[in-house]
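Visitor: sharing a model that was predicted from the sequence below.
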Amino acid sequence: MKTIDRIYINGQFVTPHGSEKFDLINPSTNETIGRATLGDAEDARHAIASAKTAFQTFSISSKQERSDILQRLHDAVAPKIDALIAVMIEEYGAPLQFAKASMQMAANSFLHAKDVLQDFEFTRHIGKSRVTLEPLGVAGIITPWNANVSFICSKLATAIAAGCTAVIKPSEMSALQTQLLLECLHEAQLPAGIFNIVNGRGDVVGAELTRHPDIAKISFTGSTVAGKTIARDAAATLKRITLELGGKSPNIILDDADLTKAIPLALQVAFMNSGQACVAGTRLLVPESRLEEIKLLIKAAVEKIAVGDPRSADTAIGPMVSKKQYERVQQYIKLGIEEGAKLLIGGNGQPAGLESGNFIKPTVFFNVTNNMRIAREEIFGPVLSILTYKTEAEAIAIANDTSYGLQAYVSSANIERANRVAAQIIAGRVMINAAQHDPLAPFGGFKQSGIGREYGVYGLEEYVEPKAILI
Ligand code: NAD
């Protein structure tokens, strides 16, 4: 049982003013593995004051100074990747393969930001003016439990590249992961106040960051519901906001696709991180003429999917992060049946032998129509809906008939055709015959999947404000 009773302000581990305790539960066993003391609004205000003071000098730091800091942060985090993977699995049950990819991405994000910084022109000449891109100020960074460490690292790296200082509010469910990461970040010996970390609840510490006049920008990753609250609260002080929110990503299998590749890929993207991924491809759009063939292939493949101990390299699906999330997914499976969708495999209840953790049977529905709630709402669990289409145009129309627009997938033997379809899909990223991450390409959503972009040049531009000087 671990105790987390410090937050990080002005380069020091300090006892929070807040006193609320928050239990940390291993979702594979439902045993309590830790207890965190949460910070409160007063702690948030102290952290903001520290970041505001640090901004005065950090905002005028050189590219070289920022590059050195980013390198130091990378060098401090990279040797601890194995320990970070272990705690990510313990605290939220991420399957080993996902945890590995996530932590590699976290450490590398400092190097990617350094590369982007190298080529970024902070001074440009436009018309008759000299335009300087000025760091915005103190950034409030708010992260979700499903990618807490990697978003702390990538958002902090971008803020630093821009010359901003930061107050970070990690997910309250990720205190063990945050603590280990924080120990690494502290080892990098940054000037005090550049980053501050306050554990706490969203509606307490997160809300204080969102409302405080000394926070210039909020970079938030989490649910669409919380994102809307933040947008409303941030409007009072006209903060800049980057919101990375939920998704209901379509995966179109075109009628010429090689199903021996497209089906494993479809299951990989639907069930990634046990289905608890904002970019999960949870609406599988298949040609009506190939439905029966696809059903057979999917059923056979899902029967072989390993559900269980997330520490095992063979496990594809681990537990849901919490009892609450487990119940939510069970409710959606029940709802799908009530709405008239047919179960191809899976269903309510737990896989045999896994009753002590929050495990769900990987579940695939067919006979799903796009007006059903299971096709419209983010479930955040291993539940896949198969929808059929007759023509390419209909597939695109169904794909776009959603309030979200984060990511989409297309499988086809004809790349030209796949590109034509991708061009018509309203989503921040479209993957063709692939599931991969490009750390330099913009990432973010259309519609209710968010506002703004992260990573690469587009990500950095979100932390600066142009100033034109005319002589
Ligand atoms: P959540 O919205 O419940 O919480 C996210 C963070 O916001 C937490 O730190 C929480 O404490 C904080 N928060 C909650 N209410 C707040 C408020 N009123 N003001 C300020 N902060 C507040 O989300 P979650 O359950 O942690 O994460 C899952 C969600 O995140 C899913 O919807 C998923 O799609 C989304 N997500 C999106 C991306 C993306 O890049 N688009 C990536 C990962 C997760």
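Guide: Yes, it's here. Numbering: from 1, shown residues only.
Visitor: what strand or helix carries residue 16?
Guide: Assigned by DSSP states H and E, residue 16 belongs to neither a helix nor a strand.
Visitor: let me know the pLDDT of it.
Guide: Per-residue pLDDT puts residue 16 at 98.
Visitor: return the residues in contact with it.
Guide: 5-7, 37-40, 43, 198-200 (CB atoms under 8 Å, 6 or more residues apart in numbering). C-beta: built from backbone N, CA, C; applies to glycine.
Visitor: which element is the residue in the stretch 251-400 of the chain that the ligand sits nearest to on?
Guide: Residue of the stretch 251-400 of the chain nearest the ligand, by CB to the nearest ligand atom: residue 278 (3.2 Å). Residue 278 belongs to no helix or strand when assigned by DSSP H and E.
Visitor: if I look at the closest residue to it other than its chain neighbours, how far off is residue 403?
Guide: Ranked by CB to CB, 6 or more residues apart in numbering and with sequence neighbours excluded, the top spatial neighbour of residue 278 is residue 247, at 4.9 Å. To residue 403, residue 247 is 10 Å away according to CB to CB, to the nearest Å.
Visitor: of the contacts of residue 16, select the buried ones using a ChimeraX command.
Guide: To isolate the buried subset of the contacts of residue 16 in ChimeraX, counting by 16 or more other CB atoms under 10 Å, use the following:
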select :6,7,37,38,39,40,43,198,199,200
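Visitor: surely residue 184 meets residue 74?
Guide: No - between residue 184 and residue 74 there is no contact under CB atoms under 8 Å: 10.0 Å.
Visitor: who touches the residue of the stretch 251-400 of the chain closest to the ligand in this structure?
Guide: With CB under 8 Å, 6+ apart, residue 278 has these contacts: 146, 221, 244-247, 378, 406-407, 449.
Visitor: what is the burial count for the residue lying closest to residue 81 once chain neighbours are set aside?
Guide: Residue nearest to residue 81 in three dimensions, not counting chain neighbours: residue 103, with 4.8 Å by CB to CB, 6+ apart. Residues near residue 103, counting by other CB atoms under 10 Å, number 27.
Visitor: the one 3 residues further on too?
Guide: Neighbourhood size, residue 106 [other CB under 10 Å]: 27.
Visitor: repeat that for residue 340.
Guide: Using other CB under 10 Å, residue 340 has 11 other residues around it.
Visitor: same check on residue 283?
Guide: Residue 283: 27 surrounding residues under other CB under 10 Å.
Visitor: can you pull out the strands in the stretch 1-150 of the chain?
Guide: Using DSSP state E, counting those that start in this stretch, the strands of the stretch 1-150 of the chain run over 2-4, 7-9, 12-14, 21-26, 31-37, 123-126, 129-135, 138-142.
Visitor: any idea which of those gets closest to residue 440?
Guide: Residue 440 lies closest to strand 129-135 among the strands of the stretch 1-150 of the chain, at 18.4 Å (CB to CB).
Visitor: quick one: distance of that closest one to the chain centre.
Guide: With CA atoms, centre = their mean, to the nearest Å as the basis, strand 129-135 stands 31 Å off its chain's centre.
Visitor: over to stretch 350-368?
Guide: Relative to its chain's centre, stretch 350-368 lies at 23 Å (CA atoms, centre = their mean).
Visitor: what about that stretch, start to end distance?
Guide: End-to-end distance for stretch 350-368, by CA to CA, to the nearest Å: 23 Å.
Visitor: any chance of JSON lines for the contacts of residue 16, columns pLDDT and distance to the ligand?
Guide: Output for those, formatted as JSON lines (pLDDT from 0 to 100; distance: CB to the nearest ligand atom, whole Å):
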{"residue": "5", "pLDDT": "98", "distance to the ligand": "19"}
{"residue": "6", "pLDDT": "98", "distance to the ligand": "18"}
{"residue": "7", "pLDDT": "98", "distance to the ligand": "14"}
{"residue": "37", "pLDDT": "98", "distance to the ligand": "15"}
{"residue": "38", "pLDDT": "98", "distance to the ligand": "10"}
{"residue": "39", "pLDDT": "98", "distance to the ligand": "12"}
{"residue": "40", "pLDDT": "98", "distance to the ligand": "13"}
{"residue": "43", "pLDDT": "99", "distance to the ligand": "14"}
{"residue": "198", "pLDDT": "98", "distance to the ligand": "11"}
{"residue": "199", "pLDDT": "98", "distance to the ligand": "10"}
{"residue": "200", "pLDDT": "98", "distance to the ligand": "8"}
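Visitor: after the helix or strand residue 330 falls within comes which helix or strand?
Guide: According to DSSP H and E, residue 330 maps onto helix 323-339. Following helix 323-339 in sequence order, the next helix or strand is strand 342-345 (DSSP H and E).
Visitor: right, I'll leave it there.
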